[in-house]
Structures are given as C-alpha cells and as structure tokens.
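Asker: Need coordinates for the below:
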Amino acid sequence: MIPVAAGLGVLLMASGVWAANTVVTRLFGGPQPETVLPSDSVAFMRLDLKPSGAKLTDYASFMGKLPDSVKDEVGDDEDPGAALFDEIIEASEADLDYEEDIEPWLGGRFGVALWKSETEGGEPGLVAGAAVAATDEAAAEDAVKELTAGDGTAGEVRDGFAFFADSGDALDEMYERVEDDGSLAENETYAADMAGVADDSLAAGWYDLGATSDLLQEELSSGGSSYGGDPWDDGYGDYGSSGPDFEGMEFGGRVAAAVSIESDYAELRADVIDFTMGDFALADYETTQTGLTEMAELPDDTSVALGGSGLDELSAQSWDDMAGVMPDEMAEVEAGLDEMGISVPDGFGDLLGTQTAVGLSDLQSGLDDPFSDFDSGSVQYRAVGADQGLIDDLVTQASEGSYSSPPGVDSDGDTVVVSSGSTGQGRLGDDPIYQQVMEGSDSAFYGMYMDLRSFAESGGESDADQWGAFGIASAIDGERVTSHMRWAPSGE
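Answerer: Presented below is the predicted three-dimensional model:
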C-alpha cells in the first residue's frame with residue numbers, strides 16, 4: 001500500500017470509520033473524491049476534515065458530553081489533518097512539516113478507492129488510488145513531489161485534487177478508467193446504495209462484496225487467511241468437524257456505511273444490501289414482528305441487554321440455509337434440541353416467542369473487558385407467547401445437581417419471565433440514556449444495549465457516571481439490513 005493510502009487507512013481504522021458520502025456535496029460544496037475516482041471501484045472510503053455550520057455545533061455539544069478521561073485523551077485543539085498527514089509524512093520519510101508544507105493547501109475532503117486490476121507481479125488483485133482536495137495546486141505540487149520521491153509511488157496535482165497511486169501505471173490506469181467509463185459518482189448502484197445512508201455524515205464508505213468474490217475464493221482456497229492454514233482449525237486434529245466449507249461458494253452484495261455525530265450521540269450506520277452466499281439470500285428473510293418492546297421491559301439496573309422481534313420466524317426461515325452450509329453442525333444442534341423437547345424449525349416459537357429479551361445485571365467486569373464476568377450476576381429472560389411449561393421444564397433440567405436456587409419462571413400477561421438473582425424493580429425503557437441510544441428502533445428485529453456507566457463503576461473509573469450507554473438496532477427492509485450503532489455519553 002502506498003504511504004498516502006496507508007496513512008488514510010490508519011486514520012480511518014483508528015476512528016472506526018468506513019466510508020463514502022454522496023450528500024456532503026450539498027453540505028460542504030466543491031468537488032468530491034468520488035467524482036474523480038473510477039466508477040468500477042470495488043471499495044471507497046472518504047472523510048471530511050472540515051465540516052462547518054450546524055455540524056460543528058453538534059460536534060462541540062457532543063464533545064462537551066464526553067467523559068473527562070476521554071476529553072483529556074482527545075483534546076480539543078488538534079487538527080485532524082495534522083493527525084492524518086503526520087502518519088503519511090512518517091510513512092514516506094518525506095522532509096516535510098504539516099503546518100508549513102501541507103496545511104496551506106489542504107482541502108476538506110479526501111477519498112481512497114480500490115479497483116480490480118493486475119498487480120505489479122501480473123497477478124489479479126486490488127490497486128489503490130487516493131484523491132485529496134487541494135485549494136492551492138501550486139503549493140500542493142511541491143508536497144506531492146516530496147511525498148512520492150524515491151519510494152516507487154506516484155502522485156500528481158490536477159483538477160483540484162492531489163492524486164496518489166501505487167505506481168505511475170496505476171495512476172494512469174485510474175485516469176483512463178474515469179475518462180472511459182465515468183466516475184464512481186456516476187455509478188448508479190453506488191448512488192442507490194448510499195442514498196440516505198450518508199446524510200450529514202463526517203465519514204462514509206462503500207464496498208462491493210460481489211465484485212471481489214473471486215478474490216475471496218482465492219484467499220479461501222489458499223487457507224482462508226493471509227497467514228495460511230485452515231481458519232477453522234482448532235488444533236485438535238480430526239476430532240469433530242472443522243467447520244463450514246466456503247470454498248467454491250459465491251458471495252454477493254454490498255455494504256454502505258457512514259459515521260455521524262449529533263449533539264447527544266455518535267452513530268455508525270451500516271447497511272448490508274443484496275447479500276448472498278451460495279443459496280442463502282438476505283432478501284428471502286422477513287418478519288411480521290418488529291420493535292424491541294420486551295428489551296425496554298427489562299429491569300432498570302440491566303448492564304447488558306439483547307432483544308429480538310420475530311426471531312422465531314427468522315430462526316425457522318434460516319434453518320434450511322444453515323443446514324446447507326453446515327450440515328454436520330446443524331444435525332448436532334437438532335439432536336440436542338430434540339432431547340430438550342424442542343422440535344425444529346417449528347418449535348422455535350415455543351422457546352423464543354414473538355418478542356424476546358434477555359438482560360444481565362450486577363456484573364463486576366470493567367470497561368477494559370466487559371464480557372469477562374458473564375457467569376455471575378443476575379439474569380432475566382422474557383419471551384412473549386412462549387410455552388411456559390416447556391421453559392419451566394428446561395429450567396428444571398438445567399438446575400439439576402446445582403447447589404444454588406433455580407431461576408424462577410413466572411408470567412407477565414402473555415410474557416414468560418425467567419429470573420435469576422436480584423434485579424431492579426424499575427423499567428429499563430424509562431432510562432433517558434437508553435431512550436437516546438435505542439431511539440428509532442420501532443422497526444428493528446434485533447437490538448443490543450450496554451450500560452457503560454455500570455462497567456466504568458466496576459472498573460473504578462472516577463467519571464463512571466459520564467460514560468452513558470451503547471446501543472445497536474438492526475432492521476430488515478427487503479434486500480437491505482440496516483444497523484444503527486450509537487454511543488451516548490452522559491457527561492456535562
């Protein structure tokens with residue numbers, strides 16, 4: 001990877017950003033990277049370093065709510081462009097200073113694209129190209145020459161951008177593809193995938209999984225990992241199945257994602273579109289139930305919650321697909337469920353109901369490893385319309401031989417409730433922080449909630465009450481699954 005692309009990648013990966021934004025043109029004006037990068041790109045990432053207006057107000061408000069310890073680490077006066085180009089300058093070993101040689105011409109937008117081509121060794125692979133907005137082309141030319149001197153990479157300033165690529169041939173190929181076939185902005189599939197995803201975002205991205213299916217298969221056939229070997233190898237030789245066999249299976253679909261910051265929370269939205277894997281097709285799945293009503297009914301001291309709607313329908317729909325990919329594993333699962341008195345796939349409703357939630361509280365793990373204490377604490381399970389007799393039998397079987405009191409099985413209207421340990425008497429859905437991170441989840445089929453305040457307190461953080469909460473809500477809409485991941489800090 002060329003130093004420039006590597007620097008961009010470091011910044012994007014470090015901030016959890018994946019990338020591309022069709023609406024930023026209206027927000028910030030000026031030429032956008034996708035207008036000068038190839039239409040047949042299979043992946044694209046973009047970040048805007050200089051938002052303005054209302055977004056800066058939201059950003060300032062959000063920064064004010066961060067925990068004190070995070071504010072100290074982030075700081076409030078660091079130029080994002082400096083953080084980016086310090087990495088690029090170091091990687092290229094260029095004799096440049098950001099404030100003197102980069103900042104005067106650096107525009108607010110940059111993007112990186114990958115497209116399929118022949119690598120320098122003549123083998124099929126992915127080639128990278130980058131476009132960085134330049135407000136002063138003459139000043140940018142001197143910096144580009146220094147950044148690409150002596151390392152085999154190529155760069156050029158034209159059309160309001162500084163362009164970089166792995167080689168001169170790759171740079172020429174990028175120009176030719178745009179001239180002959182158009183830019184990524186003119187790609188109708190890209191435009192449709194990104195519509196509504198990247199509104200008001202600071203960073204965004206797009207990846208065409210189907211376009212790289214052949215490269216994925218080449219990776220799988222060589223061992224499934226850049227380090228070689230069987231990715232399912234558990235080190236125990238021939239004992240049991242080594243996992244599903246994905247070799248020869250075609251993958252399809254795309255991913256569109258964006259990062260935005262509102263005054264109360266930061267959000268990563270990720271859409272998976274038209275995903276297929278062999279005979280599995282995302283568009284085949286649907287549910288008549290939506291919303292996370294039972295998750296909101298969990299106790300108010302819940303530290304971690306998982307909720308679902310229509311999981312009985314989705315589980316039944318996925319059974320045959322999973323059995324086709326992992327026949328041995330699914331046969332073992334079916335045998336185990338049969339011993340428990342659960343028939344598949346029709347019996348999923350008896351266990352899961354139409355609305356499902358499980359919450360854990362009184363956990364003693366900290367922020368550094370919040371999942372280390374799941375074998376302790378209190379638990380509540382809720383399932384609307386489940387078979388209370390079946391669940392009571394399962395609880396009795398699971399408690400045999402235990403020295404502790406078995407969980408209690410009760411009902412709350414038509415909801416079966418299983419409780420173990422002492423839980424709060426309030427309602428989780430009444431917590432304002434819960435409402436912020438789970439807002440808009442009425443159409444969700446799956447959700448997750450983590451009260452970061454409780455983990456920070458267990459870990460001895462002095463600003464535990466400022467950590468707020470993290471939430472995920474995922475919804476199915478035909479060929480698209482949309483997930484919203486939010487962090488709402490609670491500092492002042």
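Asker: any low-confidence regions in this protein?
Answerer: Along the chain, segments meeting pLDDT under 70 span 1-31, 52, 75-78, 80, 119-123, 219-248, 370-376.
Asker: Give me the residue at the spatial middle of the protein.
Answerer: Centroid check for the chain by Cα atoms, centre = their mean gives residue 270 as the closest residue, at 5.9 Å.
Asker: Run a quick check on that one versus residue 483, I expect a contact.
Answerer: Yes - contact criterion Cβ atoms under 8 Å: residue 270 and residue 483 qualify, at 5.0 Å. To be clear about C-beta, it is placed using only N, CA and C from the backbone, and glycine gets the same treatment.
Asker: I'd like the distance between the closest residue to the residue nearest to the centre of the chain other than its chain neighbours and residue 343.
Answerer: Excluding its sequence neighbours, the residue lying closest to residue 270 (Cβ to Cβ, 6 or more residues apart in numbering) is residue 257, at 4.3 Å. Residue 257 is 39 Å from residue 343, where distance means Cβ to Cβ, to the nearest Å.
Asker: related to what we said a few turns ago, who touches the residue nearest to the centre of the chain in this structure?
Answerer: By Cβ atoms under 8 Å, 6 or more residues apart in numbering, residue 270 lies in contact with 18, 255, 256, 257, 482, 483, 485.
Asker: element containing residue 131?
Answerer: Using DSSP states H and E, residue 131 falls within strand 124-134.
Asker: And residue 91, by the same measure?
Answerer: Counting by DSSP H and E, residue 91 is found in helix 80-92.
Asker: same thing with residue 315?
Answerer: Per DSSP H and E, residue 315 falls inside helix 311-325.
Asker: which strands and helices sit next to that helix?
Answerer: Counting contacts by 3 or more Cβ pairs under 8 Å, 6 or more residues apart in numbering; DSSP states H and E, helix 311-325 is packed against strand 280-281, helix 327-339, helix 348-352.
Asker: Kindly indicate whether residue 114 is helix, strand or coil.
Answerer: Counting by DSSP: H, G, I helix; E, B strand; the rest coil, the backbone at residue 114 sits in strand.
Asker: Share the number of residues neighbouring it, please.
Answerer: Other residues within reach of residue 114, judged by other Cβ atoms under 10 Å, total 23.
Asker: just residue 277 next, same as before
Answerer: The tally of other residues near residue 277 (other Cβ under 10 Å) stands at 17.
Asker: next one: residue 139
Answerer: Residue 139: 17 neighbours (other Cβ under 10 Å).
Asker: Which residue is the nearest non-sequential neighbour of it?
Answerer: Closest residue to residue 139 apart from its sequence neighbours, by Cβ to Cβ, 6+ apart: residue 105 at 4.1 Å.
Asker: how close does the one you found sit to residue 154?
Answerer: Going from residue 105 to residue 154 by Cβ to Cβ gives 19 Å.
Asker: And for residue 364?
Answerer: Distance, residue 364 to residue 154, by Cβ to Cβ: 55 Å.
Asker: cool, residue 100 as well?
Answerer: Using Cβ to Cβ, residue 100 is found at 24 Å from residue 154.
Asker: Have a look at these two and say which one is more surrounded.
Answerer: Neighbours of residue 100 and residue 154, each counted by other Cβ under 10 Å, are more numerous for residue 154; the result is 20 against 9.
Asker: Could you pull up the residues touching the more buried one?
Answerer: Taking Cβ under 8 Å, 6+ apart, one finds 148, 164, 165, 166, 167, 168, 170, 171 in contact with residue 154.
Asker: Show me the two of those that sit farthest apart.
Answerer: Based on Cβ to Cβ, the longest span within the contacts of residue 154 runs between 148 and 170 and measures 12.1 Å.
Asker: where does stretch 354-362 sit relative to the chain's centre, distance-wise?
Answerer: How far stretch 354-362 lies from its chain's middle: 23 Å, per Cα atoms, centre = their mean, to the nearest Å.
Asker: Sort out which residues of it are buried, please.
Answerer: For stretch 354-362, burial by neighbour count (16 or more other Cβ atoms under 10 Å) applies to 354, 355, 356, 357, 358, 359, 360, 361, 362.
Asker: Surely the second one and residue 386 touch.
Answerer: No - with contact taken as Cβ under 8 Å, residue 355 and residue 386 are classed as non-touching, separated by 9.5 Å.
Asker: burial of residue 408, as a residue count?
Answerer: Residue 408 has 12 nearby residues by other Cβ under 10 Å.
Asker: Can you name the residues that contact the residue lying closest to it once chain neighbours are set aside?
Answerer: Nearest non-adjacent residue to residue 408, counting by Cβ to Cβ, 6+ apart: residue 419, 5.1 Å away. Taking Cβ under 8 Å, 6+ apart as the criterion, residue 419 is in contact with 378, 379, 380, 381, 407, 408, 410.
Asker: what do you get if the cut-off is 10 Å, keeping everything else the same?
Answerer: Contacts for residue 419 (Cβ atoms under 10 Å, 6 or more residues apart in numbering) come out as 299, 359, 378, 379, 380, 381, 382, 407, 408, 409, 410.
Asker: And residue 95, by the same measure?
Answerer: 89, 101, 146, 149.
Asker: Go again with 8 Å.
Answerer: Neighbours of residue 95 in contact, by Cβ under 8 Å, 6+ apart: residue 146.
Asker: On the three-state scheme, it is what?
Answerer: Secondary structure, three-state DSSP: residue 95 is coil.
Asker: Backbone torsions only: list them for it.
Answerer: Phi and psi for residue 95, reported as degrees, to the nearest 10, are phi -90, psi 70.
Asker: quick one on the thing from earlier: of residue 257 and residue 343, who's got more company?
Answerer: More crowded of residue 257 and residue 343, by other Cβ under 10 Å: residue 257, with 25 against 11.
Asker: hang on, the earlier thing: give me the buried positions along the helix holding residue 315.
Answerer: For helix 311-325, the buried set under the neighbour-count rule, 16+ other Cβ under 10 Å, comprises 311, 312, 313, 314, 315, 316, 317, 319, 321, 322, 323, 325.
Asker: now do stretch 164-177
Answerer: In stretch 164-177, the ones that count as buried by 16+ other Cβ under 10 Å are 164, 165, 166, 170, 171, 173, 174, 175, 177.
Asker: so can I have a markdown table of those showing distance to residue 126 and secondary structure?
Answerer: Listed next are these as a markdown table, based on distance: Cβ to Cβ, whole Å; DSSP: H, G, I helix; E, B strand; the rest coil:
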| residue | distance to residue 126 | secondary structure |
| --- | --- | --- |
| 164 | 15 | strand |
| 165 | 12 | strand |
| 166 | 10 | coil |
| 170 | 11 | helix |
| 171 | 15 | helix |
| 173 | 12 | helix |
| 174 | 13 | helix |
| 175 | 18 | helix |
| 177 | 14 | helix |
